[in-house]
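Colleague: Following is a predicted model, sequence given first.
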Amino acid sequence: MSSRTLVIAVLLLAVAATSPSVDAQQAPKIARIGYLSPSTPALGSRFIEEFRQGFRELGYVEGKTFVLEVRYAEARAERLPELARELVGLKVDVIVVGTDAAIAAVKRETRTIPIVMAPSSDPVGTGFVASLARPGGNVTGLSAISPELSGKRLELLREVVPGLSRVAFLWNPDVRGNLFDYKETEGAARSLRLELQSVEVSRPEDFDRAFAAVTNQRAQALVLPAGNVVGFANRGRIASFAQKNRLPSMYAQREYVDAGGLMSYGPSGSDTFRRAAIYVDKILKGAKPADLPVEQPTKFELVINLKTAKTLGLTIPQSVIRRADEVIQ
């Protein structure tokens, strides 16, 4: 056999030896991400699109490198356990979820699948994580806690409502984060010499009684914290009540302002969900939730509805309007 023939034979044997391993190579795994929204598609889709955009900016392509399994609870808390169980049954790689009730529902179903909070109102207080710096377990993500927010909301209300002295705080005592907000707002009210009226709403049927309490005690303004699914689902009703009774209202989420509320001040929802995408990316690349510190909000937005202000007969000071991130005309 000539040397040339020998070389060719060796090359053919090498190709034959390596080809099975090449054929055995699998295509890159497509990440499956679960997403549980306690809201409705009409309301929750904006946040999901923010997450998608954040994920795309990290180099992922939907349908090629990741798929998103989205489930909506339609503002019905009783559906959360079933939907959480469904996502866990799909054996997704990560589950993104917001609000304490939804996070708790998923956490009850799995101790192994990573859970990214987007966000939790009080992740340590609810027991989702051991601490912000070292979460432990399978849960990490974002916290909505920022102690200065409660005082800031009251300060903004006082700037736009001349002679403000009595404020109604509409909250759900069953939501751990609402309890935190109430205590912080109570302390801020004392510092600002404002009388704070506690009005509890845990179910839709509580609203008539709650509204009567607000009017009977002659509140001059209304404040709502974030995290109460019942309040969020009835934000249009709350905004209509406030307008009808000429009550300036302050919220933690801009969706209330879109529904006719006066002002909102709180963490940016868009920023929260884009940051959630970063957590998912890190986990897919091998990071453990237990080792990823929980982040507190860093970007806040003030939204003002001038149309509502006009209905209430209020003139918003230019000093406040200039600080607004968005003004609804």
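Modeller: Now that the structure is in, tell me what you want to look at.
Colleague: CA atoms for contacts and neighbours, from now on please.
Modeller: Will do.
Colleague: Outside of stretch 174-183 itself, list whatever touches it.
Modeller: The list of residues contacting stretch 174-183 from outside it, by C-alpha atoms under 8 Å, 6 or more residues apart in numbering, reads 100-101, 120-122, 125-126, 150, 169, 171-173, 202, 225-228.
Colleague: Kindly recompute the last result at 7 Å.
Modeller: With C-alpha atoms under 7 Å, 6 or more residues apart in numbering as the test, stretch 174-183 has contacts from Ser121, Asp122, Thr126, Ser150, Trp171, Asn172, Pro173, Ser202, Pro225, Gly227, Asn228.
Colleague: ok, Ala239 touching Gly260?
Modeller: Yes. Taking contact to mean C-alpha atoms under 7 Å, the distance of 5.3 Å between Ala239 and Gly260 places them in contact.
Colleague: ok so, going back, identify, from the contacts of stretch 174-183, the entry nearest to Ala133.
Modeller: Asp122 (13.8 Å; C-alpha to C-alpha).
Colleague: What pLDDT does the model give the closest one?
Modeller: The model reports Asp122 with a pLDDT of 85.
Colleague: repeat for Val22
Modeller: For Val22, the pLDDT comes out at 42.
Colleague: One more: Ala42?
Modeller: The model's pLDDT for Ala42 equals 80.
Colleague: got the residue ranges for the strands in the protein?
Modeller: Secondary structure of the chain, counting by DSSP state E: strands at 31-37, 66-72, 94-97, 115-120, 139-143, 166-171, 195-200, 221-224, 249-251, 263-267, 300-305, 326-328.
Colleague: ok, which stretches of the stretch 101-250 of the chain are helices?
Modeller: Along the stretch 101-250 of the chain, counting by DSSP state H, counting those that start in this stretch, helices occupy 148-160, 176-191, 207-216, 229-233, 235-244.
Colleague: Stretch 244-251: end-to-end distance?
Modeller: Terminal residues of stretch 244-251 lie 17 Å apart, using C-alpha to C-alpha, to the nearest Å.
Colleague: Report the buried residues of that stretch.
Modeller: Arg246, Leu247, Pro248, Ser249, Met250, Tyr251 (16 or more other C-alpha atoms under 10 Å).
Colleague: Give me the distance from it to the chain's centre.
Modeller: For stretch 244-251, the distance from its own C-alpha centre to the chain's C-alpha centre is 24 Å (C-alpha atoms, centre = their mean, to the nearest Å).
Colleague: ditto for stretch 95-106
Modeller: Shown here is stretch 95-106, whose average C-alpha point lies 10 Å from the average C-alpha point of the whole chain (C-alpha atoms, centre = their mean).
Colleague: and if you look at stretch 112-128?
Modeller: Its chain's C-alpha centre lies 11 Å from the corresponding centre of stretch 112-128 when counted by C-alpha atoms, centre = their mean.
Colleague: If you count neighbours, what's buried in that stretch?
Modeller: Counting neighbours by 16+ other C-alpha under 10 Å, one finds that the buried residues in stretch 112-128 are 113-123, 126, 128.
Colleague: need those residues in a markdown table with distance to Ile321, can you?
Modeller: Converted to a markdown table, these look like this (distance: C-alpha to C-alpha, whole Å):
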| residue | distance to Ile321 |
| --- | --- |
| Ile113 | 44 |
| Pro114 | 41 |
| Ile115 | 38 |
| Val116 | 35 |
| Met117 | 32 |
| Ala118 | 29 |
| Pro119 | 28 |
| Ser120 | 29 |
| Ser121 | 28 |
| Asp122 | 30 |
| Pro123 | 33 |
| Thr126 | 36 |
| Phe128 | 38 |
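Colleague: what's the average pLDDT for stretch 89-109?
Modeller: For stretch 89-109, the mean pLDDT works out to 95.
Colleague: whoops, stretch 197-211 was the one
Modeller: Averaging the model's pLDDT scores along stretch 197-211 yields 95.
Colleague: so how far is it from its chain's centroid?
Modeller: Taking the mean of its C-alpha atoms, stretch 197-211 sits 23 Å from the chain's own mean (C-alpha atoms, centre = their mean).
Colleague: What of stretch 261-271?
Modeller: Its chain's C-alpha centre and that of stretch 261-271 lie 11 Å apart, by C-alpha atoms, centre = their mean.
Colleague: who's in contact with it?
Modeller: Stretch 261-271 is contacted from outside by 47, 50, 144, 149, 153, 239, 248-254, 257, 297, 299-305, 308-309, using C-alpha under 7 Å, 6+ apart.
Colleague: distance between the ends of that stretch?
Modeller: The first and final residues of stretch 261-271 sit 22 Å from each other (C-alpha to C-alpha).
Colleague: Fine by me, we can end here.
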